[in-house]
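In: structure for this input, please:
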Amino acid sequence: MTELLKYRITVQAVSQYLPDQSDESDRRFVFAYTVTITNTGEETAQLLSRHWVITDSDSQVQEVRGMGVVGEQPTLRPGESFQYSSGSAIATPVGTMSGSYQMIAEDGTRFEAEIPTFVLSVPRVLH
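Out: Residues are numbered from 1 along each chain as shown. Below is the predicted model of the structure:
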């Protein structure tokens, strides 16, 4: 069994603009995002921590590190998923988020699960 197949987590994220929490005149654009984390590997694994890189269209970068997600450190058996929602604010109508989750498998192996880049965008700003 290869390590690649043994320790694999798939991450999908969807974002949504929150106009009621934003203040465009004050350059505050707020977005909600929902993340689905699925264990597509062959080992049970627990999410320990997260590292986000949030970049606005002025190339301003915020990095966020912390334990777990929304106060939890979920353990996922092969085939199981965990979904949560959170939010972020940036100073421009368009930006991106990416990062990684730090995981530990049942056998003690630590590995990273990539969070693919996804877009934060006010509707009708990107074509």
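
In: only C-alpha atoms for contact and neighbour calcs from this point on.
Out: Noted.

In: ok, what's across the strand from the residue positioned nearest the centre of the chain?
Out: Nearest to the mean C-alpha position of the chain, by C-alpha atoms, centre = their mean, lies Ile115 at 5.4 Å. With DSSP bridges as the criterion, Ile115 is bridged to Gly99.

In: go ahead and confirm it touches Gln12.
Out: Yes. Checked against C-alpha atoms under 8 Å, the pair Ile115 and Gln12 is within contact range at 7.4 Å.

In: which stretches in the chain count as strands?
Out: Ranges of strands within the chain are 9-17, 29-39, 45-56, 61-67, 75-76, 81-90, 94-105, 110-121, based on DSSP state E.

In: can you tell which of those is closest to Asp23?
Out: Asp23 lies closest to strand 29-39 among these, at 6.5 Å (C-alpha to C-alpha).

In: name the nearest residue to Gln46, sequence neighbours excluded.
Out: Thr75 (4.1 Å; C-alpha to C-alpha, 6 or more residues apart in numbering).

In: quick one: residues contacting that neighbour.
Out: Thr75 is in contact with 44-47, counting by C-alpha atoms under 8 Å, 6 or more residues apart in numbering.

In: nearest to Ser88 among the residues you listed?
Out: Nearest to Ser88 among the contacts of Thr75 is Leu47, at 20.5 Å by C-alpha to C-alpha.

In: dig out what that closest one forms beta bridges with.
Out: Bridge pairing for Leu47 - DSSP bridges - gives Met103.

In: was I right to think it contacts Met103?
Out: Yes. The criterion here is C-alpha under 8 Å, and Leu47 meets it with Met103 at 4.5 Å.

In: roughly how far apart are Thr96 and Tyr84?
Out: Between Thr96 and Tyr84 the distance, using C-alpha to C-alpha, to the nearest Å, works out to 18 Å.

In: mind listing what the closest residue to Ser81 other than its chain neighbours touches?
Out: Leaving out its chain neighbours, the residue that sits closest to Ser81 by C-alpha to C-alpha, 6+ apart is Thr38, at 4.2 Å. Contacts for Thr38 (C-alpha under 8 Å, 6+ apart) come out as 9-11, 76, 79-82.
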